[in-house]
Structure formats: structure tokens, C-alpha cells
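J.: Provided below for reference: sequence and predicted model.
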2 protein chains.
Amino acid sequence: MNNKPNLYTCFSPALLHLYDLSNSVVVIIDIFRATSTIATALYNGARSVIPVDSVSRCIELGKQIEGITAGERDGKIAEGLEHGNSPFEYTREFIEGKTLVLTTTNGTRLLQMALDRGAREIITGSFSNLSVICDHLMIMKQNVILGCAAWKDRVNLEDSLFAGAVISEIGRYFSINCDSSHMAATLYKTAKNNLFDFMKEGDASHYHRLMGFGLEKDIHYCLTPDLANVLPQYENGKLIVK
Amino acid sequence: MNNKPNLYTCFSPALLHLYDLSNSVVVIIDIFRATSTIATALYNGARSVIPVDSVSRCIELGKQIEGITAGERDGKIAEGLEHGNSPFEYTREFIEGKTLVLTTTNGTRLLQMALDRGAREIITGSFSNLSVICDHLMIMKQNVILGCAAWKDRVNLEDSLFAGAVISEIGRYFSINCDSSHMAATLYKTAKNNLFDFMKEGDASHYHRLMGFGLEKDIHYCLTPDLANVLPQYENGKLIVK
């Protein structure tokens, strides 16, 4: 018998129904690039990030609250929006004090699903804010679900690697009766000395999609720990840093 | 441009809808213990194995065709059936020339789903028949889906490891634009020198479930390559060796 809280890794939104979210902190993971960009914008002083699921909703809400609208479809800034998904767009000079309305496909959808399924707390995680996420989960002593946003429900390497990084850091403080978590941790152990090369050799599908769009710099950034160490918490429809 | 067929790994039946089965050979993988036992029974001369999804259907069909009925629920032979899921029960002395009606939960369900989704060909794979599976997939030169039966839709280590073993052997003959496959291959590379210890250290959930039932011998058997090298092919409701 132990009193450790449970930790699970959910590799795809299509598997989320298998987990009890009502008593858990859910970490939304969308490494390329939604949750990396969210951490960066908040780190650089954005007042909040509002994730929305469609371009039209992004435009509408952006007008209502005079926010910065951002989002891409197929690697290009979506028509009618002002900015893209790259963390490099959200410098302090640009985003401080502003509200970012961000539309992404996979990450936003998973966040909405977690909300609908009554998650106790929702935060967003990325390598950019790895240490803060780990510290928070340790302090909370609640059950944890590491929720990978994946790519159109298909399991991806980068989100799984981040789950593995969290488990490598703080797994010993949790009870882990979850093979996905062991897979993620093993994967990360193999890859951690050079995540970038691992993604390249691993022929990761999303990596190649981004490289095709000339986003090597973004990929490097999104795989580097602790460049934007803030804790984005979801409250009343917004991601904020308390 | 290359002309290699595609290979995908599907970690859970809940993800099967993401793949196009109509033009693919689907390998049903349920290492502990359905597909290991199927290979063993056929290797030892069973005329066929008929997978069914319920105990009542197993009893009914067993009577109709005078077959051997087998299946477990929660680690015990299910009430009304004659035999269990252990490959060790299916020696040549016992099973030769007979028909085995086998009810399992995860494996049978995935097989039925693959059938419903119009799979071009369905075969069952396990470490017991690893080499024959690899040879067949190479010769066929068709698209392949390595379908893990998982545990009540949760991703498991042992089925993922087998997918990784297949990819290690023959992955180079396929085009693999599938992060799950890269994860499985990496996992297998890490584990291959001692699969048993890896499962133990990995704290694999199903491994512990079986160990709790005193089935260490079964686990060793099910992780050993090529002890029952036959190709179980699904045709007209039966798994047979042509």
C-alpha cells in the first residue's frame, strides 16, 4: 500500500475516455507548437492566452476583446488572422500586456475534451516550461494525466517524449500503473541526450512536416527545456499565469 | 519516390479507425496470451482456432462442432468452458486434429473490428511465430498494419514490443511514416536483450496481472521467439494454417 497519487500518460485524444479526469490535474501537451508558444507568450508577459477551436471564432473573439489573433493551417497563417504559431513571434516587446487568441487544431481540441470530461485542473506543458510543470505536479500531490494532443489522434513522438521527460523528473513521486507512461519514459531515456537528432533519425512525421515549412529553428526551440518557465493554468476560458 | 508498401503500428483498438485497412494486411497482436496460444495450438496440429467474443458463444459453438472450448476471465477458466488460455495446455498430444474454440477479450475484439473494417488479410502474430510473420509480410509486399490488441483499449508494453520486433526485422522494406512505429522500434531496441527483465522493471501492468496468477512460465514462453512458427490466417471465421 502506498499513498502516492497516480500518474497516467494518454497518447492520443482518442484514448482520453479511458481515464478518470475528475480527480486529476491534466497536462495538455502539444509540443509542435501550441503549448510551447502558449508558455512563451505568457512568459513574455501576455495577459492571457485564449485557445479557440476555429479560425472564425478566433477572428470574432479577437475583435470583441481587441486581442491578437493567431493560428495556422497547414503551416501558414490562416486567412483573416494576424499571426502564426511560432514562439518566436511572441517576444516581450510584442505581446506584453496583450491577450492572445490562438486557434490550434490538436491542442485546443484536447483541452476542450478535458474540460468537458470534468478535469479537476488543466495546465499546458512543453519543454519550454518543463521544470515549472514538474514542480507544480509535485507540490499538488494530485493524480496526474499527461495528455498528448497528438496529430489528428495519431500518436506522435514529440508529445510522448515530453511525457517521458516529466516522468523521468518526477515519476518516482507517483504510482505508475500505466504502460504508456513506461513507454514514454523509455523513449525519453533513449532520446534525451539529443532530442533533435532523435526526432530526425526517428523520421518523426510532424518534425518533417515542420521542416518542410522551414521551421528548424522552431523545432530546436520547442525541444529545449525551460526557456519560458511559467505555469499556464486554464480558468474561465483562458490560460493565465497566476 | 519509393515503391515500398506502408507500415503502420496501431497501439490500441480505439485508434484503429485512423488507418485504412482495406488495402492492408492486419497483424492481430495479443501477446499475453491469445495470439501466442493460437500459434501454439496450430503449430501442434489443431485443425483450426475459432475466436469468439463471449463465453456463451464459445459453449454453444463448442457443442455444435464438437470442439475444444477454452477461455479465461480474470485469470481463471471461465465457467462452462473446458480449458484456459495458456499455450502449455495445447500440446500436440492434446490438440492435434481438433478444433479449438477460443474466447478472449482484447484479441478477439480487435480481430472482429479489423474484419468489420474490411481488412484485406488478417493474420495473428506473437513472438512464438515472429519469423514466419516477418517472412510473410516481406513476401506479400502489401501495406501492413500492426494491430495491438492492448488491454481494454489501454496501450500495453508487450504488444508494442512485438510490433517493435517486427519493425526491427523487416522495417527497412517498408515506408514508415508513423511515429507509433518508431516508438515501438525504439522500445524494442532498448528491451530486446532481455524482454522478461524489461517487462519486470517496466512494471508492466498486464505482466503483473499474470504474475499474480502464477503465470511466470507463460510469460517467459510468450516472450520467446519462434517456438511455434506457423502462420495463422483468418478465413471464413477460422484461423487456419494453409
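T.: Thanks, I have it.
J.: now find how far off-centre the worst-scoring helix or strand of chain A on mean pLDDT is within its chain.
T.: Counting by mean pLDDT, DSSP states H and E, the weakest-scoring helix or strand in chain A turns out to be helix A:205-212, with a mean of 75. With C-alpha atoms, centre = their mean, to the nearest Å as the basis, helix A:205-212 stands 17 Å off its chain's centre.
J.: one more: stretch A:163-171?
T.: In terms of C-alpha atoms, centre = their mean, the centre of stretch A:163-171 is set 15 Å apart from its chain centre.
J.: just stretch A:72-85 next, same as before
T.: 18 Å.
J.: pull the residues that contact it.
T.: A:33-34, A:37, A:55-56, A:58-59, A:62, A:68-71, A:89, A:102-105, A:209-210, A:212-213, A:215 (C-beta atoms under 8 Å, 6 or more residues apart in numbering or on different chains). Bear in mind the C-beta positions are built from the backbone N, C-alpha and C, glycine included.
J.: just those: which are in strands?
T.: Applying DSSP state E to those, the entries found in strands are A:68-71, A:102-103.
J.: the nearest residue to A:Asn143 once chain neighbours are set aside and A:Gly147: what is the separation?
T.: Spatial nearest neighbour of A:Asn143, excluding adjacent residues (C-beta to C-beta, 6 or more residues apart in numbering or on different chains): A:Ser24 at 4.2 Å. Going from A:Ser24 to A:Gly147 by C-beta to C-beta, to the nearest Å gives 10 Å.
J.: so which of those two has more stuff around it?
T.: A:Gly147 (33 against 24; other C-beta atoms under 10 Å in any protein chain shown).
J.: which residues touch A:Ser48?
T.: Counting by C-beta under 8 Å, 6+ apart, A:Ser48 has contacts A:42, A:99-100, A:238-240.
J.: tell me the one of these nearest B:Ser181?
T.: A:Leu239 (33.1 Å; C-beta to C-beta).
J.: ok, which stretches of chain A are helices?
T.: Secondary structure of chain A (DSSP state H): helices at A:34-43, A:55-65, A:92-95, A:106-116, A:130-140, A:157-170, A:179-191, A:195-201, A:205-212, A:216-222.
J.: any idea which of those helices gets closest to B:Leu195?
T.: So among these, helix A:179-191 is nearest, using C-beta to C-beta, at 12.7 Å.
J.: in the closest one, which residues are buried?
T.: Neighbour-count burial for helix A:179-191 flags A:179-188, A:190-191 (criterion: 16 or more other C-beta atoms under 10 Å in any protein chain shown).
J.: stretch A:124-135 now?
T.: By 16+ other C-beta under 10 Å, the buried positions in stretch A:124-135 come out as A:124-130, A:132-134.
J.: now the end-to-end length of that stretch.
T.: 14 Å (C-alpha to C-alpha, to the nearest Å).
J.: what about that stretch, average pLDDT?
T.: Rounded to a whole number, the mean pLDDT of stretch A:124-135 is 98.
J.: just stretch A:14-21 next, same as before
T.: The average of the pLDDT scores along stretch A:14-21 is 97.
J.: okay, how far is it across it, tip to tip?
T.: 14 Å.
J.: ok, now stretch A:58-73?
T.: 13 Å.
J.: report the buried residues of that stretch.
T.: A:58-59, A:61-62, A:67-72.
J.: how far is it from where the chain is centred?
T.: On C-alpha atoms, centre = their mean, the centre of stretch A:58-73 falls 20 Å from the chain's centre.
J.: still on that earlier bit, between the buried residues of helix A:179-191, which sits nearest B:Glu201?
T.: A:His182 (8.8 Å).
J.: against B:Tyr234, how distant is the closest one?
T.: In terms of C-beta to C-beta, A:His182 sits 31 Å off from B:Tyr234.
J.: for A:Leu115, which non-adjacent residue is spatially closest?
T.: Per C-beta to C-beta, 6+ apart, closest to A:Leu115 is A:Ile122, 6.6 Å.
J.: now A:Met199
T.: A:Tyr207 (4.5 Å).
J.: A:Ser168 too?
T.: Nearest to A:Ser168 is A:Tyr188, by C-beta to C-beta, 6+ apart, at 5.5 Å.
J.: how about the residues of chain A that lie near chain B?
T.: A:11-12, A:14-15, A:18, A:151-157, A:160, A:176-180, A:182-183, A:186-187, A:189-191, A:202-206 (C-beta under 8 Å from any C-beta of the partner chain).
J.: circling back to that earlier point, any chance of the contacts of A:Ser48 in CSV, plus distance to B:Glu79?
T.: CSV is the format used below for these (distance: C-beta to C-beta, whole Å):
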residue, distance to B:Glu79
A:Leu42, 58
A:Thr99, 62
A:Leu100, 60
A:Lys238, 55
A:Leu239, 53
A:Ile240, 56
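J.: B:Asp226: which of the residues you listed is nearest?
T.: Checking the contacts of A:Ser48 one by one against B:Asp226 (C-beta to C-beta), the nearest turns out to be A:Leu239, at 52.1 Å.
J.: hang on, isn't the closest one packed against A:Ile38?
T.: Yes - with contacts counted by C-beta atoms under 8 Å, A:Leu239 reaches A:Ile38, the gap being 5.8 Å.
J.: tell me which of the two has more neighbours.
T.: Using other C-beta under 10 Å, the more surrounded residue of A:Leu239 and A:Ile38 is A:Ile38, with 30 against 27.
J.: contacting residues for A:Lys98?
T.: Applying C-beta under 8 Å, 6+ apart, the residues near A:Lys98 are A:46-47, A:67-68.
J.: which of these sit farthest apart?
T.: Greatest spatial distance among these (C-beta to C-beta): A:Arg47 and A:Ile68, at 10.4 Å.
J.: got any residues that touch both of those two?
T.: Joint contacts of A:Arg47 and A:Ile68 (C-beta under 8 Å, 6+ apart) are A:98-99.
J.: A:Val241 contacts A:Gln233, correct?
T.: Yes - the criterion here is C-beta under 8 Å, and A:Val241 meets it with A:Gln233 at 7.3 Å.
J.: stretch A:207-224 spans what distance, first to last residue?
T.: End to end - C-alpha to C-alpha - stretch A:207-224 spans 15 Å.
J.: contacts for that stretch?
T.: Contacts for stretch A:207-224 (C-beta under 8 Å, 6+ apart): A:31-33, A:36, A:75, A:86-88, A:126-128, A:157-158, A:195-196, A:199-200, A:227.
J.: can we see that at 6 Å?
T.: The contact list for stretch A:207-224 (C-beta atoms under 6 Å, 6 or more residues apart in numbering or on different chains) reads A:31-33, A:36, A:75, A:86-87, A:127, A:195-196, A:199.
J.: pull up the gap between A:Gly107 and chain B, please.
T.: Distance of A:Gly107 to chain B, computed by C-beta to the nearest C-beta, to the nearest Å: 16 Å.
J.: what sits against the nearest residue to A:Cys178 once chain neighbours are set aside?
T.: Leaving aside its chain neighbours, A:Cys178 sits nearest to A:Tyr8 (4.6 Å; criterion: C-beta to C-beta, 6+ apart). By C-beta under 6 Å, 6+ apart, the contact set of A:Tyr8 is A:19, A:145, A:178.
J.: redo that, cut-off 7 Å
T.: If you count contacts by C-beta atoms under 7 Å, 6 or more residues apart in numbering or on different chains, A:Tyr8 has them with A:19, A:145, A:178, A:181.
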